[in-house]
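Novice: Turn this into a structure:
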Amino acid sequence: MTETLFHAYTPLILWTGLGLILFRFLPTALPRFLGRTLYWVGVPLEILALVRRTNFSQNVGLAPSITVGALILGFTLAWLSLRVWKKLVAPESEHKKYFLPDLDRSTQGSFILAAMLGNTSFVGLAIAPTLVGTQAVGLAVFYSVTQNIFGTYGLGLFLASYFGRLSVGNSWWIQIRDVLTVPSLWAFITGCVTHSIKLPSSIESGLQSSVGFVISGAFVLMGMRLAQIQGWKSFQTAVLPAILKVVVLPTLIGIVTTLCGLSGEPRLAMVLMSGMPTAFAGLILAEEYNLNRDLIASSIVVSTGLMLLMIPVWVVLFGQ
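Specialist: Numbers count the residues shown, from 1 in each chain. Modelled structure (predicted):
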């Protein structure tokens, strides 16, 4: 297992470190440019490639149902946590506010995204095949595709659009418009329509190879944003959504799937995917809608560390 994690996280460490170093020498506007490029070009290419290599004849209903349930559960946990957080923060208590800082609108949006969206494509699909068999990997792929479309660029984009705009004039149709015009949605539709069409080998190979560039770019973006984090406050605020995402949510998914009769590798695959660290796509949404970027980046770091500790626990509890 140690060797598996080493191979999975070597690119993360290398590219994130490169982003940390490059930030000091490159224009300050580059992180936003990179984030927008990933949003409009990189992520749609990744989804298109993922859809084209997914076998849609298997596990049509199971994984999407669990994914939607996990997204709703993650949102509910984050929303309830924010409600409790607000009640605990007393304006007259400066000592308490040091440990529980006030959360503005953009930070609340980032908090929910960090606790709800997991890195199922970049990290999940790199780890799952080493821990479960081929059939269970199919479930993991379906989970990833469902979250990318209906989670990250469905509910996630809706929430990012809502929290990233001023309350005044924030009409419901603006969020609907943003969801319907997201490039990743149309990439998914294109992938489904062309799924049975055989492309020239050079085009297909180039499409699949582009995924590696998207992953590298996302890691570099995270490193650049980590270089901008100011002090302890961002990590302090990120601890709670990271715990919700990597400890609480997958444990609940494991319990629910067990009660529903799922066991062995299929159950482990669902627990693994629901317990992936905070998604890099959340950082891309934060770039696009001006949410709290530092909180997303900090949650990625904290949740990644927690995931490394939790994977052996998941294998023991839910892998049999």
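
Novice: least trustworthy helix or strand in this structure by mean pLDDT?
Specialist: Every helix and strand of the chain was ranked by mean pLDDT, DSSP states H and E. The lowest is helix 94-99, at a mean of 50.

Novice: Report all helices and strands that the helix or strand just after that one contacts.
Specialist: Going down the chain from helix 94-99, the next helix or strand is helix 105-116, by DSSP states H and E. Under the contact criterion of 3 or more Cβ pairs under 8 Å, 6 or more residues apart in numbering; DSSP states H and E, helix 105-116 touches helix 62-88, helix 157-163, helix 233-243, helix 280-289, helix 293-318. (Each C-beta comes from the backbone N, C-alpha and C, glycine too.)

Novice: Quick check: which ranges of the stretch 101-250 of the chain have low pLDDT?
Specialist: Counting by pLDDT under 70, the stretch 101-250 of the chain contains low-confidence residues at 101-102, 165-172, 175, 229-234.

Novice: thought Gly217 was touching Arg36?
Specialist: No. Using Cβ atoms under 8 Å, Gly217 is not in contact with Arg36; the gap is 11.4 Å.

Novice: what's the distance between Thr251 and Phe318?
Specialist: With distances taken as Cβ to Cβ, to the nearest Å, Thr251 is found 9 Å from Phe318.

Novice: Looking at the two now, which is surrounded by more residues?
Specialist: The residue with more neighbours, out of Thr251 and Phe318, is Phe318; 25 against 18, by other Cβ atoms under 10 Å.

Novice: How much space separates the more buried one from Val123?
Specialist: Distance, Phe318 to Val123, using Cβ to Cβ: 18 Å.

Novice: can you give me the helices for the stretch 151-300 of the chain?
Specialist: With DSSP state H, counting those that start in this stretch as the criterion, the stretch 151-300 of the chain has helices at 157-163, 172-180, 183-193, 201-227, 233-243, 249-259, 264-274, 280-289, 293-318.

Novice: Of these, which is nearest Val145?
Specialist: Closest to Val145 of these is helix 183-193 (Cβ to Cβ; 7.4 Å).
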